[in-house]
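Visitor: pasting the sequence and the predicted model now:
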Amino acid sequence: MLNTLLKQPLYAWKEQSLLFKIEMILLLIVLYAYFSERIIAAFNHYQMTSSISVYSMSNGVVHVFILLVMLSIPFILYYLIPKQRGIHIFCDKPLSNSQILQLIGYYVVKYLLIYWIILIPFFIALFVIDWGTAIFHVAAFAAYTLIIYLWALSGMRRRQKATYFAYAMAVILLFHSVYASVFILIQHLWILDVIVLFGSGLILWFLMRRPASLHLETLYPAALKRNGHRKSGWLSFQTIPAFLPAGLQVLFNKELIGLWRNAKYRRLKWITLAVYILLLVMVSLRADMANDIGLILISMAVIWLHYSHHFSEKYMHPDPDWFFHTLPLGMFRMMLSRFLVEYFYILLILLIAWIYMIGQQMGAQAQLQTLALLLIFATVILLIMVNFRVMFYDNPRTAGYAYHFTVIFLLVMSVNYRFVGPIISVVLLAFYFYKNYKYIHS
């Protein structure tokens, strides 16, 4: 089972062109080298200015991610795993307990992969400073992830959803309270980690010796609703005003209606606006934070993270092959239609930012500069998102990885090389556009 599941990402990688593989490898090397160097400098700085050892600092960082894993796995098991097609495909198959553990574990690891991606530069830096500490924490993080997964799946079989989450949150709170207390008192935590890992592993080993039969149809009933589309009655081809040329207007209407009829997509838009306004209110209440800096950072983070959801099948579905291979699509019109659909939402975010700046009585020049900076950033984010949605039209997950790595790379280059960085950004975006143009017109 596990061997078959692991072949999926392997085959997906083999299907990519050699140029794409080289680009991704070089991009990863640049990003991980940059962040690893910064983490090494931070470790050396704190080691010289404080009495906290490298082991204690690294242990604290790892346990922050262990907390995130503890909070994530219950939600993954209850809410995200049922939406995977593989679960529904295997629901009526006679799988053994080990095969079910491997199947569910594969999807859990796939969702937790983001934590490993973030921790890799940290582990690289830690290996350079103290390889023994690095090996211990890599092993500890992997062991905690496995034990948390087994405990969560075991508890999920025996309790109702509300009761299960109440128990899970209580255990998480208790464990990290004890961890924080021990950290404050002695700052030597390897004994606590060993006790927890050994004790949990021993208990799970006794429980797994004669486990009760696992059944996918019991854990994830086939009747669970998939991501549905609920029509929004007021939006149709007739109600959208015609303000674009005919060919572009049709594609614009198709994109807008296809997205807006997804109830989860609409909810994402409203939640993003609510969170954005709440964060701005919190910034305005802090007297020690410059309002313009706080506005810029929050706006950039909200725009970046909001459009990262556009690569999730919960909000977007892969485009069919016939859409690109059989329709006489114009490259410029197709990409411009997708760009404009989201650009009006960006203008709404900028309007909220402008109202905030007026309320904070910021000068006209500061308002103009801030809005111009946010407009440029949002435009670049939208261009990257649209390019990768076309480039990987049948694989939104790969498009999402490419989106995040590209945004991080361009931000690092632009912040550290203020003249060369923006030039490289423009050249890279032009290169992506050219690749899409050649593909669609091939």
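Guide: Nice, I can see it.

Visitor: report the buried residues of the helix or strand residue 23 falls within.
Guide: Counting by DSSP states H and E, the element that carries residue 23 is helix 18-49. In terms of neighbour count (16 or more other Cβ atoms under 10 Å), helix 18-49 has its buried residues at 20, 23-24, 31, 34-36, 39-40, 43. All C-beta atoms are positioned from the backbone trio N, CA, C, and that covers glycine.

Visitor: then stretch 74-91?
Guide: Applying 16+ other Cβ under 10 Å to stretch 74-91 flags 74, 76-78, 81-84, 87-88, 90-91 as buried.

Visitor: what of stretch 89-107?
Guide: Buried residues in stretch 89-107, counted by 16+ other Cβ under 10 Å: 90-91, 95, 99-107.

Visitor: and the gap between residue 265 and residue 306?
Guide: 11 Å (Cβ to Cβ, to the nearest Å).

Visitor: and residue 144, by the same measure?
Guide: Residue 144 sits 31 Å away from residue 306 when distances are taken as Cβ to Cβ.

Visitor: got it, and residue 295?
Guide: Counting by Cβ to Cβ - residue 295 and residue 306 are separated by 16 Å.

Visitor: residue 439 now?
Guide: 27 Å.

Visitor: repeat for residue 181
Guide: Noted for residue 181: a distance of 38 Å to residue 306, by Cβ to Cβ.

Visitor: higher neighbour count, the two?
Guide: Neighbour comparison, residue 181 and residue 306: the larger count goes to residue 306, with 22 against 11 (by other Cβ atoms under 10 Å).

Visitor: CA atoms only: put stretch 295-314 into CSV for me.
Guide: The C-alpha trace of stretch 295-314 is given here as CSV (Å, rounded to 0.1, in the frame of the first residue of the first chain):
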residue,chain,number,x,y,z
LEU,A,295,-0.5,48.2,7.6
ILE,A,296,2.0,47.3,4.9
LEU,A,297,3.1,44.0,6.6
ILE,A,298,-0.4,42.9,7.4
SER,A,299,-1.7,43.8,4.0
MET,A,300,1.1,41.9,2.2
ALA,A,301,0.6,38.8,4.5
VAL,A,302,-3.1,38.8,3.9
ILE,A,303,-2.9,39.1,0.2
TRP,A,304,-0.1,36.4,-0.1
LEU,A,305,-1.9,33.9,2.2
HIS,A,306,-5.4,34.6,0.7
TYR,A,307,-4.2,33.7,-2.8
SER,A,308,-2.3,30.7,-1.6
HIS,A,309,-5.8,29.2,-1.1
HIS,A,310,-6.5,29.4,-4.8
PHE,A,311,-4.4,26.3,-5.3
SER,A,312,-6.6,24.2,-3.0
GLU,A,313,-9.2,21.9,-4.5
LYS,A,314,-11.5,23.1,-1.8
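
Visitor: low-confidence ranges in the stretch 101-250 of the chain?
Guide: Across the stretch 101-250 of the chain, the ranges flagged by pLDDT under 70 are 157-160, 186-190, 207-243, 247.

Visitor: all helices of it, in order?
Guide: Assigned by DSSP state H, counting those that start in this stretch, the stretch 101-250 of the chain shows helices spanning 131-156, 161-185, 190-209, 216-219, 246-260.

Visitor: any idea how far the host helix or strand of residue 432 is from the middle of the chain?
Guide: Here residue 432 sits within helix 420-440, counting by DSSP H and E. For helix 420-440, the separation from the chain centroid amounts to 24 Å (computed by Cα atoms, centre = their mean, to the nearest Å).

Visitor: could you do stretch 244-256 as well?
Guide: 30 Å.

Visitor: buried sites along stretch 402-420?
Guide: In stretch 402-420, counting by 16+ other Cβ under 10 Å, buried: 402-414.

Visitor: average pLDDT for it, rounded please.
Guide: Stretch 402-420 shows a mean pLDDT of 81.

Visitor: contacts for that stretch?
Guide: The contact list for stretch 402-420, computed with Cβ atoms under 8 Å, 6 or more residues apart in numbering, reads 24, 27-28, 30-31, 34, 304, 307-308, 311, 380-381, 384-385, 388, 391-392, 421-422, 424-425, 428.

Visitor: ditto for stretch 10-24
Guide: Applying Cβ under 8 Å, 6+ apart, the external contacts of stretch 10-24 come out as 395, 398, 402, 405.

Visitor: if you set the cut-off to 7 Å instead, what comes out?
Guide: Contacts to stretch 10-24, defined as Cβ atoms under 7 Å, 6 or more residues apart in numbering, come from residues 395, 398.

Visitor: check stretch 352-362 too.
Guide: Stretch 352-362 has contacts (Cβ under 7 Å, 6+ apart) with 276-277, 280, 284, 291-292, 295, 299, 367, 370-371, 374.

Visitor: now those: which count as buried?
Guide: 276, 280, 291-292, 295, 299, 367, 370-371, 374.

Visitor: farthest pair in the residues you listed?
Guide: 276 and 367 (17.5 Å; Cβ to Cβ).

Visitor: for stretch 113-129, buried residues please.
Guide: 115, 119-127.

Visitor: and the gap between the residue nearest to residue 178 when sequence neighbours are not counted and residue 181?
Guide: Leaving aside its sequence neighbours, residue 178 sits nearest to residue 192 (Cβ to Cβ, 6 or more residues apart in numbering; 7.6 Å). From residue 192 across to residue 181, the span is 10 Å (Cβ to Cβ).
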